[in-house]
Structure formats: C-alpha cells, structure tokens
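1. Mind folding the following:
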Amino acid sequence: MTPTDIAHPDYFHKVVDCQWACPAHTPVPEYIRRISAGDYTGAYLINWKSNVFPGILGRTCDRPCEPACRRGRVEEEPVAICRLKRVAADFKGEVAGLMPGPAPVRNGRRIACIGGGPASLTVARDLAPLGYDVVVFDQDPKAGGMMRSQIPKFRLPDSVIDEEVGYVMATGVTFRGAKRIDSLKSVLAEGFDAVFVGTGAPRGRDLDLPGRREAAANIHVGIDWLASVSFGHVDTIGRRVIVLGGGNTAMDCCRSSRRLGGVEVTVVVRSGFEEMKASPWEKEDAMHEGIPILNYRVPKAFTHENGRLTGMIFEKVKAEYDDKGRRQLVPTDEPDEHIACDDVLIAVGQENAFPWIEEDAGIRFDRWGLPVVDPKTFQSSLPNVFFGGDAALGPKNIIWAVAHGHEAAISIDAFCRGADVAVRPPPTVTLISQKMGIHEWSYDNAIANDLRFKVPTLDNAIALKDIRTEVELGFDGKLGYAEAQRCLNCDVQTVFEPKLCIECDACVDICPMDCITFTGDGPEEDLRGRLNAPAENRDQAIYLSAGLKTGRVMVKDEDVCLHCGFCAERCPTGAWDMQKSIIDTIHAGHACQSRA
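-> Below is the predicted model:
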C-alpha cells in the first residue's frame, strides 16, 4: 500500500466521522469539548458558523451525525450530539456582539432569496457580510419557513426561531414578509444579479380515494393543517383521529392532534414499522404519548354518512421479497378493516410546486417536477438562478437545507465576481500537538463508561394540555457535562512518525482495542486480514506508515481507535503524538467568521 498522506484534508475528515456525516460539516468534537469546559458561548459560535441554527437544530435535527458516532462502535448508543447542541444554545452568553453585522461597504450586487426557510436564510447569512444587498421574500409575515410553519411549537418554540432568524437579519438582510411571489420573471425584472429559490416542498400529497370529496370537511393535508395550527387558525380537532403516513410529518400531526382534543389518535402506515421514514425517536415519542402505530395497512376508502366522515377502510397486506430483495406488498386475504374516526390527516409525502415559474423563464424541470440543477453548485439552467433545500432535490431536512445554502452561496458569490462557479476550495486541515508534558495532554483523554443519558421531558399529564408547551426540557448543566464526557475526541488524532520508532511494540501491548499492528507491507485486502484485530469496515481507511528499519510497516485501524492516547503515553521515543485536526470547510468568501 501507499503510505497514508495525513496532509490530505479528506483523511482526518473521514476519521472524525460525526463531522463527515453532518451535511454542514459541524466540528462536533470541538464544540463538545467546549461544553465540557463550560464554554457554552464558544460551543454555540462553533455551531453557528457551520449550521446557522444551533438552538433550532438542537431540538429538531434528523441527526445524521449520530449513527456515524464512534461511541456507537464500542457500545450501543452514540453520544447525544444533537441535544448537546441545544445545551450550547440554552446556556450561552450574549452572542449578538460576536457575530457579523451589516457590511460597512456594499459591493453593489443585489441577491433575491425566494422563500424564508433555512436554505434561503443560510444564503443570506453567508452573503450579506460580504457586502451583498440580500432581499428575502416570503409569503408569511415572519421569516423561518417550514421551521416556523410545520414544526409544532411543543418541539420548537417561536422564541428560539425568532432569536436565530434574528441573528441572520442582523447581518443587514432585508426581509419582505407577507409577499407572495407569483412570477419569476417579475423578480428578475427588478434587476437582481442572482436569484436563489428556497421555497421548500410546499405541497402535501393527497389521496384520491372513494369518499374523499364527500367527506372533505374533515380530511386534511398534513403540512397545510400543521401550518394552520402553527399560525393559530386551527385550535381543535375531533376526538377520534387517523393519521396516514409514516414520516416525521405524520408524527408531528398525531402528536399535535393529541394536544388539540384527539383522544383516540391512530397512525396507519402501509409499510412495516422498521421501514417507516420517521426518525426512531419521533416514533418513540408518539408511542410514549399513547398513540398506536398500525402497520401494513393500505387505505382503500373514506366512509361517510350524510356528508360527515365516519372512518376509513384499510386492506391488510404483508411484505414479500423476490430473489433480488425487492419488496412487494401483497394482500393477506384477511377481511378489510374499518377504523372509525372524526378527522383524517394525510401525511403521505410532499411535492415541489413552482406554479410561479413561467414555462418560458428558462428553467428546465425533470419528469418529477424538480428543477434541473447541478448537484455541486446548485445552479439551474438559467445561470443566474440557483436552487437549494427541498426546492432543489426534494424533501429532506433542515441540516441538508443549510448545507445546500452554503454551497449555493459559494456559487452565487463566484457568479457575481465572474469566477467559475464549479471551483470549490478544499477544506483546510491543521494539526496541532496536544502535548503539555511527557504524559499530559491539553484535553481530557479519559474514556467515560457512562451509557447515554436521557433528555428529561414533561409528564404527559402536563405536556398534552397545551400545544405550545415545550415537551423536552433539555439537559441541565450537570447532565450536559456528563453526556459531553462520553465523546471520544475523535478529532485528536494518533499521529505516527516512523523515523522515531524503535519497534518495541509497547503501543501494541497497551492498545485497548488491538488496533495497532506492526507487520509486513502488502495489498490493502491482505493487510486488513492480517491485523491483530481484522479491519472489516471497508468504508473507514487504515493508517499505514512508511517503512520502518526492519522493513515492517505500522498499520492502525481507524475504525475502532478510541483516541485514548495510551500509545503516545507509552511510547519511549515520541513516535506517537496526539494532534488535534482542525478541519475548516470553506464558506462564501471565507465569510461569517465570528468577531471573537
């Protein structure tokens, strides 16, 4: 094998799996260490630079970082990365003065962001400090988009949205609320140098089944109903409610129903429980609130009497798989099931809708109604129009919208400067030794044995009384510290210097995971099988040194390394060192650095 080039930015980025898995590449171990040290403000600003909405995401993120957490490889549960983000937000000090304000000099370029959701707000935050005149348009009177309209207040209070959207607006962004855009051409005619479309996936899918029109008064499209609840237009629902769908929107609908008068609320899903798109914790929260989930039932009809909804009929199915593993739902031949109800909420998916983009505007769409955009630059077929978030690639979640916004902002900045929008500066990597003495490090390398701590919540008796009462209480300082201690400091790397090694194998003897091996070189597949503990995860690189004096090489399995530093502490020659890898991803114009 070729020796590992640790100077390449991708190498240690992939070792810090949580940061690699985060679409916005938040430096997770660094902000968790700040929490351990009681520096909540620093932890918040680290988050804010990457993901823009730490307090919001600390409550609502889909947590792609947590399945990647190295802690999950040594015990069942990963670090509660998402909820620690909220700890930083809840306990931070005054941060407004540490963030960019309006640019002292404007550059003469005007940018329109259509839609006031997370993608557009990220574009605005990245570009306004560079001197761009950014105008955000939204049909709602306050910015926030789906964060404000589709996430229930018992999960995400308005006060959190107001605060973090306010930090974006404080960079000098102009917000035109209650302004519905009916024509892309009219926006372009206003003389904007570039337009960013971040309108989300605003249309919920409906079901065209027998009885749909006759009982329409009590059948609601989920995302529209959630928006009506959010803005106070709806404050009650029937006693018996059926929620159709297995995603997070369905979970929000059923839990909202319980708080608005629904006593018998049932979620009905076509798929199996494990195949539901809802996050596992969302399903757990719904069931904790007394909401049953019925699986493998296909809706057939709405039943009604004298124009009033009386229930739904479902066909029971089962999953069968062919020899290629493809699933098909087939009838069980059991009798159809009738479930009585007073209201139905349909949450079976969302679609993009662009009726305001004229056919001759120059925007190409694919057969699914999505704009044809470059997945790297988010530029559309009309060079000065860019898309991001759900509007670009279909429904995902807030953190993906933020990531899209960062990339689109880089492209818009390049476009306005006449540069190549496809050029993406690579992330920068800096390695800094953590050595403070022969056996002392500048970070706490002790491995906590605690299992994952549970976030305290309100009792159902209190939580279900008011739809605006936040159900999760969050970690207090003590629990936040204890959970932060579970982090394995994966960004503090074990760096090996071959010329200092005397091949005494002391590091091999002390390694608690048997992840270090001194052996003869060979092809990667051969080496992986010859290690003290075979390196079976092919997605994670192995660290290979240059040749040693005996002709052997050092091979370390990065997949299971705990970054405990025992190898560096035991090494008599200093061939091993613990070095923090600071990985900094590039934003538009290197913008949005804090003033700290």
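2. mind checking the longest strand of the protein?
-> Looking across the chain with DSSP state E, the single longest strand is strand 308-321.
3. Pull the number of nearby residues for P64.
-> The burial count assigned to P64 is 18, neighbours taken as other CB atoms under 10 Å. (Each C-beta comes from the backbone N, C-alpha and C, glycine too.)
4. Okay, and R255 sits in which element?
-> Here R255, judged by DSSP states H and E, is contained in helix 248-259.
5. What residues does A278 make contact with?
-> Applying CB atoms under 8 Å, 6 or more residues apart in numbering, one finds that A278 lies in contact with 246-248, 250-251.
6. okay if I get the residues you listed as TSV plus distance to Y443?
-> Shown next, in TSV, are the contacts of A278 (distance: CB to CB, whole Å):
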residue	distance to Y443
G246	42
G247	39
N248	36
A250	42
M251	38
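7. Buried ones among these?
-> Applying 16 or more other CB atoms under 10 Å to the contacts of A278, the neighbour count classes 246-248, 250-251 as buried.
8. mean confidence for stretch 395-407?
-> What stretch 395-407 shows for mean pLDDT is 95.
9. swap in stretch 158-167?
-> 98.
10. Spatially central residue in the protein, please.
-> Nearest to the mean C-alpha position of the chain, by CA atoms, centre = their mean, lies I399 at 3.6 Å.
11. That residue contacts A21, doesn't it?
-> No: shown here, I399 and A21 do not form a contact pair, counting by CB atoms under 8 Å, at 10.2 Å.
12. got any residues that touch both of those two?
-> Common neighbours of I399 and A21, using CB under 8 Å, 6+ apart, are P64.
13. buried ones in stretch 89-96?
-> Of the residues in stretch 89-96, those buried (16+ other CB under 10 Å) are 89-92, 95.
14. The stretch 451-596 of the chain: strands as residue ranges?
-> Using DSSP state E, counting those that start in this stretch, the strands found in the stretch 451-596 of the chain span residues 492-496, 516-519, 542-544, 553-557, 576-584.
15. what separates the fourth one from the chain centre, distance-wise?
-> The chain centroid and the centroid of strand 553-557 are separated by 33 Å under CA atoms, centre = their mean, to the nearest Å.
16. so what strands line up beside it?
-> In the sheet, strand 553-557 lines up against strand 516-519 (antiparallel), strand 542-544 (antiparallel) (DSSP bridges).
17. for the longest one, same thing?
-> Using DSSP bridges, the neighbouring strands of strand 576-584 in the sheet come out as strand 428-433 (antiparallel), strand 492-496 (antiparallel).
18. moving C-terminal of the first one, what's the next helix or strand?
-> Read that as strand 428-433. Note on strand 428-433: by DSSP H and E, the next helix or strand toward the C-terminus is strand 435-437.
19. contact partners of the next helix or strand after that following strand?
-> For strand 435-437, the succeeding helix or strand toward the C-terminus, using DSSP H and E, is strand 440-441. Strand 440-441 has contacts (CB under 8 Å, 6+ apart) with 434-435, 492, 565, 578.
20. which stretch among the strands of the stretch 451-596 of the chain comes nearest T122?
-> Proximity of the strands of the stretch 451-596 of the chain to T122 was assessed by CB to CB; the nearest stretch is strand 576-584, lying at 17.2 Å.
21. for that closest one, the distance to its chain's centre please.
-> 25 Å.
22. State the mean pLDDT of that strand.
-> 91.
23. ok, back up a step: of the contacts of A278, closest to V136?
-> N248 (25.2 Å).
24. Go ahead and confirm the closest one touches S279.
-> Yes: between N248 and S279 there is a contact at 6.1 Å, judged by CB under 8 Å.
25. Common neighbours of the two, please.
-> In contact with both N248 and S279: D62, using CB under 8 Å, 6+ apart.
26. hey, where'd the strands end up in the stretch 51-200 of the chain?
-> Going by DSSP E, counting those that start in this stretch, the stretch 51-200 of the chain shows strands at 110-114, 133-137, 174-176, 194-197.
27. As JSON lines, these with mean neighbour count, mean pLDDT and distance to E66 would be great.
-> Formatted as JSON lines, the strands of the stretch 51-200 of the chain follow (neighbours: other CB atoms under 10 Å; pLDDT from 0 to 100; distance: least, CB to CB, whole Å):
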{"stretch": "strand 110-114", "mean neighbour count": "25", "mean pLDDT": "98", "distance to E66": "30"}
{"stretch": "strand 133-137", "mean neighbour count": "24", "mean pLDDT": "98", "distance to E66": "31"}
{"stretch": "strand 174-176", "mean neighbour count": "16", "mean pLDDT": "98", "distance to E66": "33"}
{"stretch": "strand 194-197", "mean neighbour count": "27", "mean pLDDT": "98", "distance to E66": "30"}
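28. Distance to K478 for those strands - can I get that in CSV?
-> Listed next are the strands of the stretch 51-200 of the chain as CSV, based on distance: least, CB to CB, whole Å:
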stretch, distance to K478
strand 110-114, 41
strand 133-137, 40
strand 174-176, 39
strand 194-197, 43
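29. could you measure the spatially closest residue to K556 that is not a sequence neighbour against F231, distance?
-> Setting aside the residues directly before and after it, K556 is nearest to Y543 in space (CB to CB, 6 or more residues apart in numbering), at 4.1 Å. Distance of Y543 to F231, computed by CB to CB, to the nearest Å: 54 Å.
30. who's more crowded, the two?
-> Neighbours were counted for Y543 and for F231 using other CB under 10 Å; Y543 has more, 22 against 13.
31. From P498, how far out is the more buried one?
-> From Y543 to P498 the distance is 12 Å (CB to CB).
32. Need the overlap of contacts for those two.
-> Residues touching both Y543 and P498 (CB under 8 Å, 6+ apart) are M554.
33. Now the phi/psi pair for the closest residue in space to L207 that isn't next to it in sequence, please.
-> Ranked by CB to CB, 6+ apart and with sequence neighbours excluded, the top spatial neighbour of L207 is I346, at 5.7 Å. Here is the backbone geometry of I346 (degrees, to the nearest 10): phi -100, psi 110.
34. so I346 bridges to which residues?
-> In this entry, I346 is beta-bridged to V221, L244, by DSSP bridges.
35. Show the contacting residues for it.
-> Counting by CB under 8 Å, 6+ apart, I346 has contacts 204-207, 219-222, 244-245.
36. burial count for the nearest residue to D252 once chain neighbours are set aside?
-> Nearest non-adjacent residue to D252, counting by CB to CB, 6+ apart: P152, 5.3 Å away. P152: 20 surrounding residues under other CB under 10 Å.
37. I figured P152 hits C254, correct?
-> No: P152 is not in contact with C254 according to CB under 8 Å; the separation is 10.6 Å.
38. coming back round to it: where helices are concerned, which of the buried residues of stretch 89-96 count?
-> Using DSSP state H, the subset of the buried residues of stretch 89-96 located in helices is 89-91.
39. any chance of those residues in CSV, with distance to A301 too?
-> Supplementary listing: those in CSV, determined by distance: CB to CB, whole Å:
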residue, distance to A301
A89, 46
D90, 48
F91, 52
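40. which one among those residues gets closest to G72?
-> Closest to G72, out of all of these and judged by CB to CB, is A89, at 23.9 Å.
41. So for that closest one, what's the pLDDT?
-> 98.
42. check contacts around it.
-> Counted by CB under 8 Å, 6+ apart, A89 has contacts 44, 47, 54-55, 58, 160.
43. Swap in 7 Å and give it another go.
-> Residues near A89 by CB atoms under 7 Å, 6 or more residues apart in numbering: 44, 54-55, 58.
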